[in-house]
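*Asks:* Generate a structure from the sequence data that follows.
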Amino acid sequence: MYKVAVLTVSDKGSQGKREDLSGKKIIEIIEKNGYKLEKYDIVADEKELIKEKLIEYSNDNIELILTTGGTGFSKRDVTPEATLEVSEKLCLGISEAIRNYSMTITKRAMLSRAVSVIRKNSLIINMPGSPKAVEESLEYIIDTLDHALKILQGDASECARK
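*Replies:* Next comes the predicted model:
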């Protein structure tokens, strides 16, 4: 059972002015799919706060870190930049797959700046900020994440299909 951290990036959410429906949706989906929620936090749209949490989670050996929020065009949206600054390896295919799938639902998916990276033994994936988009995106990739984490943790070594 892989450990998961969920980090919601939201100015209003961090101030208690908005309920975190996206973070709750992520938690619902990961638990339904056999993952264990280890940590959950809400931080403001501040690059250093985001970086601190991503570093903390990966230092604590959380295998999967899912962020929600802060991936759009707003001046305050800095989640991808914070994620890239803590990155050791890029995982472009995951975010590209999410965007490609989401484009079949709405053209606005092209406005996502989300990234996916590896830091230490942690896979970090930026998810959208809306509960509907989170559900669509995470449900689309969830069955592939198990294999990705097995490879990352050294529990599997082959990606070839039979």
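*Asks:* After the lowest-mean-pLDDT helix or strand in the chain, which helix or strand is next?
*Replies:* When the helices and strands of the chain are scored by mean pLDDT, DSSP states H and E, helix 11-14 comes last with a mean of 94. For helix 11-14, the following helix or strand on the C-terminal side (DSSP states H and E) is helix 21-32.
*Asks:* could you say what helices and strands that following helix packs with?
*Replies:* On a contact count with 3 or more CB pairs under 8 Å, 6 or more residues apart in numbering; DSSP states H and E, helix 21-32 meets strand 3-9, strand 36-43, strand 64-68, helix 131-153. To be clear about C-beta, it is placed using only N, CA and C from the backbone, and glycine gets the same treatment.
*Asks:* what angle separates the longest one from helix 21-32?
*Replies:* Between the axes of helix 131-153 and helix 21-32, defined by axes from the mean of the first three to the mean of the last three CA atoms, to 10 degrees, the angle is 50 degrees.
*Asks:* List the buried residues of helix 131-153.
*Replies:* By 16 or more other CB atoms under 10 Å, the buried positions in helix 131-153 come out as 131, 133-138, 140-141, 145-146, 148-149, 152.
*Asks:* how close does the closest residue to D155 other than its chain neighbours get to D77?
*Replies:* Using CB to CB, 6 or more residues apart in numbering and skipping residues adjacent in sequence, the residue nearest D155 is L149, 7.9 Å away. L149 is 27 Å from D77, where distance means CB to CB, to the nearest Å.
*Asks:* Let me know how buried S14 is, in neighbour terms.
*Replies:* 18 (other CB atoms under 10 Å).
*Asks:* Setting the sequence-adjacent residues aside, check what's closest to it.
*Replies:* A44 (4.4 Å).
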